[in-house]
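**Q** below are the sequence and a predicted model; questions follow.
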Amino acid sequence: MAAEHYRGRNPFDGEPVEFWVVGDTISHERVPAAVTVTDDGWIVPGLVDAHNHVGIAPGLGVTIEQARQFAYADARAGTLLIREVGSPVDTHPLDDDPSCPRFIRAGMHIARPKRYLRDYGIDLDDPDDLPAEVARQARAGDGWVKLVGDWIDRDAGDLAPLWTRDQLAAAVSVAHEHGARITAHVFGTDALVDLIDVGVDCIEHGTGLTGDLIDRMVERSIALVPTLIQVDNFPEIADGADRFPAYARHMRALHAGAADVFAAAREAGVTMFAGTDAGGFVEHGRIVDEIERLAQVGLGPAGALEAATTGPRDWLGAGRLDDGDRADFLVLEDNPVDKLATLRAPRHVACSGRHLI
């Protein structure tokens, strides 16, 4: 494939952007024989979906080829880096497909029996086995481990934590000893207290955050991936939980307060990243929907775009169009800081140097 030349502007500051693509790699050294693909437009690093499950679909039983198609749908929408936070399918074979996004994985969900979606992850009969399982999943992933922090307790009929503070502290310590960061699925408030205090690296969803917990997240530099388009499904989830009326009421209340919670987190300085939670209730390829929702809860267009591009790329160590980086980027007709909707119709999507659009 011939070398290609791109020239445009950075949407965040309007400064010129120029680079060459040689094979699947960005180069800032001029390539005289390169074909100029564009000499105008707005260029952004490939979008990042920081909470995605290409190995999950309603009904489970996802094959690697089905996962590949989910990944293609995300890539066509501009998502060129996925943090896959839990999957029953090992998606590492997709790393050899240049038309797939780059993946950074968390292994399988770690939960307790009957305390999460059936067959989605590892169910520990003995919660004191958590540190050993964290070590196994750290080795299976790409630098992340995923805990289920709360889920419906059938005896209580409502959300409740899965782990004690001591168990969580041991899990965080083991993850960090193995060079992995640890994140937790949490809807309600109760589980957040211990998770934040023991120093997890990220909270997924976080609809139960309160003012004091938000302040503690800021103090401990704990990130938040709010998955707003998944939170939009909470009323539907509640409608399907007739057996547990307290849980249903709780989920509706969390949904009703979510926008204020996330706006308060943003105002306090919590670092937030875009994540769709695609794979269950949410279809793949909806990253722009999540970006637009983030803009509505206090990030604004520039903040929402940063939360899906440069911010998570720095957080995940993935590069942002620097020399030697994988050639993952979008060329846009209009400045997305002024018009986020332009992300829905990119002029070019380059995935590992290949033109998807």
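**A** On my side now, so go ahead. Only a predicted model underlies this, so the values are computations on that prediction, with no experimental measurement involved. Numbers count the residues shown, from 1 in each chain.

**Q** packing partners of whichever strand or helix holds A50?
**A** Secondary structure from DSSP states H and E places A50 in strand 47-52. Applying 3 or more CB pairs under 8 Å, 6 or more residues apart in numbering; DSSP states H and E, we find strand 47-52 packed against strand 79-84, helix 287-294, helix 310-316. Bear in mind the C-beta positions are built from the backbone N, C-alpha and C, glycine included.

**Q** what is the neighbour count of R243?
**A** R243 has 10 neighbours, counted by other CB atoms under 10 Å.

**Q** quick one: the helices in this protein?
**A** Remark: helices assigned in the chain by DSSP state H are 64-76, 130-140, 165-177, 190-198, 211-220, 228-231, 234-239, 245-268, 287-294, 300-306, 310-316.

**Q** nearest to A274, out of these?
**A** helix 287-294 (4.9 Å; CB to CB).

**Q** which residues does the closest one contact?
**A** Helix 287-294 is contacted by residues 47, 49, 74, 77-79, 226-229, 232, 272, 274-276, 303-305, 307-308, 340-341, 343-344 when judged by CB atoms under 8 Å, 6 or more residues apart in numbering.

**Q** please list only the buried members of those residues.
**A** With neighbours counted by 16 or more other CB atoms under 10 Å, the contacts of helix 287-294 contain buried members at 47, 49, 74, 77-79, 226-229, 272, 274-276, 303-305, 307-308, 340, 343.

**Q** check this protein and tell me which residue is nearest its centre.
**A** Note on the chain: the residue nearest the mean C-alpha position is A50, at 1.5 Å, using CA atoms, centre = their mean.

**Q** quick one: that residue and G275 touch, right?
**A** Yes. With contacts counted by CB atoms under 8 Å, A50 reaches G275, the gap being 4.2 Å.

**Q** now do the shared contacts for those two.
**A** Shared contacts of A50 and G275, defined by CB under 8 Å, 6+ apart, comprise R83, V85, V225.

**Q** export those residues as TSV, with columns for pLDDT, distance to E204 and neighbour count.
**A** Converted to TSV, the shared contacts of A50 and G275 look like this (pLDDT from 0 to 100; distance: CB to CB, whole Å; neighbours: other CB atoms under 10 Å):
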residue	pLDDT	distance to E204	neighbour count
R83	98	10	27
V85	98	6	29
V225	99	5	26
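
**Q** using CSV, lay out those residues together with distance to A180.
**A** Listed next are the shared contacts of A50 and G275 as CSV, based on distance: CB to CB, whole Å:
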residue, distance to A180
R83, 13
V85, 12
V225, 17
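
**Q** list just the nearest of these to D328.
**A** Nearest to D328 among those is R83, at 14.3 Å by CB to CB.

**Q** so how far is K146 from the closest one?
**A** As defined by CB to CB, to the nearest Å, R83 lies at a distance of 10 Å from K146.

**Q** need the residues touching each of the two.
**A** In contact with both R83 and K146: A106, using CB under 8 Å, 6+ apart.

**Q** where does the stretch 251-357 of the chain have low pLDDT?
**A** Across the stretch 251-357 of the chain, nothing is flagged by pLDDT under 70.

**Q** tell me the contacts of the residue nearest to the centre of the chain?
**A** By CB under 8 Å, 6+ apart, A50 lies in contact with R83, V85, V225, F273, A274, G275, P312, W315, L316.

**Q** and if we set it to 7 Å?
**A** Taking CB atoms under 7 Å, 6 or more residues apart in numbering, we find A50 in contact with R83, V225, F273, A274, G275, P312.

**Q** what does H53 give?
**A** Taking CB under 7 Å, 6+ apart as the test, what H53 contacts is E84, G86, S87, A278, G279.
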